[in-house]
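Participant: sequence? don't have it. structure:
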């Protein structure tokens, strides 16, 4: 066991974030929220240190804290913990010498600590010492005589081991970290109030607003909020950091000489750092630029980290550019390019290759009918590695730069957080699927051979199996789905069916989700259908186009067709089916409710109800304005069919949902209540409201409430009207 007194009792082991649950997490929600979750990979420049971020339940069981765990790239040794603090660590990047930069809310020490300062022996080179002597925060996480808890600090864990030390701190915090592989250069992103040009001015503005208790925001553009939070009028500034300079003095703010502001002046809309050149000469960053009538243009900007000079590297009218990767020699940049949508034309996504020596760009693999996301170049720049959805999977592909030929490297699973080894022989990735919550894997680029690496998390056995299903629609289109079945399901023991509709709508049921987990329903006896109807990704451009602007047409008929096919199976119970969905899936649940009474109950989460009024209220009105005409909105709006709803509905919505605002849920709820002619006590519908949750339900305690309520509502109505009064109310509601 670890000796660090600051670690919680649920996260002390060096070799495993938690022990094996005493109760199956699929049958016990308290155990479910406690299962550790792997999220992201980082690889050191020499390829010897591979880290995975693991989130574990905090001591209060109301949130998660993350730490970095070391996975052996060769697959020989067990995983070991690399960073240690009760508060957890987040964004991380390796420096050239193998030191790890990360942000953390751990308390800062009372005095500067140099990387060479003697400390306890680490468990292995580069790991943080088991016993952090800075302070014991078991009783007080605010401040003490020795230091203060500061979530705005960038830390450095030296490659040689020992304790992490603070590298840079600022009152406004840090938004991101990126580093060069072969140079002592890092790029830090930070937010500054509009009108401030120095750290002192920004600090003074923050202090003034705090002192006067002012949280008002004066906007002069759009958007004004995002996802679940208001957008401050701040600009993102980028700093090139000379890592050979000492930044551990008393003043840790970016006004020290080691920091060079490479975005001086009013540079608006700077986003994430997409790539840093191997030699540290340039960084490629995203920028969102305002256009007329509230529209936005997404471009890529190249910034010289020595001079601060900016130039567009990918900017084109009618297109937006996303994630980007630079080749090792710096000549090539590859990015994902998306054509702007219109109500009649769905988005089109391709790989865009830019020759930085000339500035010219071209489509790469133009005949490949998939929406690809670039993840790496081969060392010689001849191959681009990319991921793309395909038939309810998201494999890694190798794309030849010269010919555009595409070769699929991996089979089952969805692959994310892909990292390339320095010699180019191996790709490391986090693989998930609906039978795999997350496995760190090594993939040979030569032949696709996949090796599962010993990770820090043991996955619990699933309570059933997963089979692939498909059908052919009336217009001759193949529609796929996954069917999760309880153990022992057969013709003699059929299971009731739950149709679960994915959100997006441009997405696919192809990767594990802790938010939308079918196995919790399977454990209670449900067979869960996860279909990919029209608008889903992974089936080509035409499959998306056939549902574009026609939400209530082909996407709906596709869902009914595959439900028909699955209900015809001998292992599915007759007449007990239910339906559920979130976001676009919630929209479709509402549409289903107004167009068929085949389901015993319907759950609609964060759903769109009135398309004719929704647009201006969402945080992305500019996008919605390009999605449908007013006529399309009226024709496809569920609210127009409210009078036809007879199926019991559970409405779920969070007040902090700015993507689909709470007004949609409130309008739906009023339509259900005001449209019910019976006695109020006989109302078959329910409304689960979360004042502090966003488009998703992220806090562990509310995830429990969500699943308890959904399962109780579905079970209440599964057996028909005779059981309508048998709703088992969750204990906390």
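Facilitator: Yep, it's here. Keep in mind the model is a prediction, meaning the values are calculated, not measured.
Participant: Let me know whether residue 384 touches residue 325 as I believe.
Facilitator: Yes. Between residue 384 and residue 325 a contact is recorded at 7.4 Å, counting by Cβ atoms under 8 Å. In short, each C-beta sits where N, CA and C put it, glycine included.
Participant: And stretch 542-550, what's buried?
Facilitator: 543, 544, 545, 546, 547, 548, 549, 550 (16 or more other Cβ atoms under 10 Å).
Participant: which residues touch it?
Facilitator: The contact list for stretch 542-550, computed with Cβ atoms under 8 Å, 6 or more residues apart in numbering, reads 341, 343-347, 477, 505-506, 533-537, 553-555, 558, 627-629, 632, 636.
Participant: quick check: longest helix of this protein.
Facilitator: Assignment by DSSP state H gives helix 700-718 as the longest helix of the chain.
Participant: Buried ones in it, by neighbour count?
Facilitator: Neighbour counts over helix 700-718 (16+ other Cβ under 10 Å) mark 700-718 as buried.
Participant: Can you tell me which helix or strand of this structure has the lowest average pLDDT?
Facilitator: Lowest by mean pLDDT, DSSP states H and E among the helices and strands of the chain is strand 143-144, with a mean of 32.
Participant: The spatially closest residue to residue 382 that is not a sequence neighbour: how many residues sit nearby?
Facilitator: Nearest non-adjacent residue to residue 382, counting by Cβ to Cβ, 6 or more residues apart in numbering: residue 401, 5.5 Å away. Using other Cβ atoms under 10 Å, residue 401 has 20 other residues around it.
Participant: cool, residue 50 as well?
Facilitator: Per other Cβ under 10 Å, the neighbour tally for residue 50 reads 22.
Participant: okay, it: pLDDT?
Facilitator: On the pLDDT scale, residue 50 is placed at 98.
Participant: ok, now how distant is it from residue 428?
Facilitator: Going from residue 50 to residue 428 by Cβ to Cβ, to the nearest Å gives 6 Å.
Participant: One more: residue 703?
Facilitator: With Cβ to Cβ as the criterion, residue 703 and residue 428 are 30 Å apart.
Participant: Tell me which helix or strand residue 66 sits in.
Facilitator: Using DSSP states H and E, residue 66 maps to strand 64-71.
Participant: what helices or strands is the helix or strand just after that strand leaning on?
Facilitator: Using DSSP H and E, the helix or strand that follows strand 64-71 towards the C-terminus is strand 80-81. Strand 80-81 is packed against strand 64-71, with contacts defined by 3 or more Cβ pairs under 8 Å, 6 or more residues apart in numbering; DSSP states H and E.
Participant: by how many degrees do the strand it packs on and helix 700-718 diverge?
Facilitator: Per axes from the mean of the first three to the mean of the last three Cα atoms, to 10 degrees, the angle that strand 64-71 makes with helix 700-718 is 100 degrees.
Participant: ok so, going back, how far is the strand holding residue 66 from where the chain is centred?
Facilitator: Its chain's average C-alpha position is 17 Å from that of strand 64-71, according to Cα atoms, centre = their mean, to the nearest Å.
Participant: partner strands of that strand, parallel or antiparallel?
Facilitator: strand 50-57 (antiparallel), strand 80-81 (antiparallel) (DSSP bridges).
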